[in-house]
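J.: need a structure here:
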Amino acid sequence: MKFLGKLIFYIFSNAAAILVTNYFLPSFFNGDLVNLAKVAAILTLINTFIKPILEFLSAPFILLTFGLFTLVINAVLIYLLDISSQLITIQNIKELIIATITISVVNFILGSAVKKGFSKE
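T.: Numbering: from 1, shown residues only. Predicted coordinates for the structure are as follows:
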């Protein structure tokens, strides 16, 4: 049950991150609320199942760059989202970098706030 709760939180967190990214890149997401939930669910599944494998395989690079290589992994995952969903549009590398940083920062802030809220109990 705990896994399901985290999964639902990550879907909402990714939806918020996509909306914030769409604010900075107006052509990033093209859809309504239902499509936003679908895209957020796809991103959550990519982060849940593919990201740990990529982080494990690239652990030496993550250690050598003091964690900055994680941004490269996140960029690859967002590019996978672009490939798997027609609702996400990334036109060039600049948009990919902006989307990666924005989604990473929003997810970090929301995740930290929730962890801090749960630790006070």
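
J.: just for the chain, where's the confidence low?
T.: Applying pLDDT under 70 to the chain picks out residues 1, 117-121.

J.: let's go with 50 and repeat that
T.: Scanning the chain with the threshold set as pLDDT under 50 gives no residue ranges.

J.: residues making contact with stretch 86-102?
T.: 17-18, 20-21, 24-25, 27-31, 35, 38-39, 71, 74-75, 78-79, 81-82 (CB atoms under 8 Å, 6 or more residues apart in numbering). Bear in mind the C-beta positions are built from the backbone N, C-alpha and C, glycine included.

J.: and if we set it to 7 Å?
T.: With CB atoms under 7 Å, 6 or more residues apart in numbering as the test, stretch 86-102 has contacts from 17, 20-21, 24-25, 27-31, 35, 39, 71, 74-75, 78-79, 81-82.

J.: Next, the distance between the ends of that stretch.
T.: Using CA to CA, to the nearest Å, the end-to-end distance of stretch 86-102 comes out at 20 Å.

J.: Please identify the buried residues of the biggest helix by length in the chain?
T.: Looking across the chain with DSSP state H, the single longest helix is helix 93-119. With burial defined by 16 or more other CB atoms under 10 Å, the residues of helix 93-119 counted as buried are 95-96, 99-100, 102-104, 106-107, 110.

J.: can you check stretch 40-54 too?
T.: For stretch 40-54, the buried set under the neighbour-count rule, 16+ other CB under 10 Å, comprises 40-47, 51, 54.

J.: got CSV for the residues you listed, with distance to Phe3 and secondary structure too?
T.: Listed next are the buried residues of stretch 40-54 as CSV, based on distance: CB to CB, whole Å; DSSP: H, G, I helix; E, B strand; the rest coil:
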residue, distance to Phe3, secondary structure
Ala40, 17, helix
Ala41, 15, helix
Ile42, 18, helix
Leu43, 17, helix
Thr44, 12, helix
Leu45, 13, helix
Ile46, 17, helix
Asn47, 14, helix
Lys51, 15, helix
Leu54, 20, helix
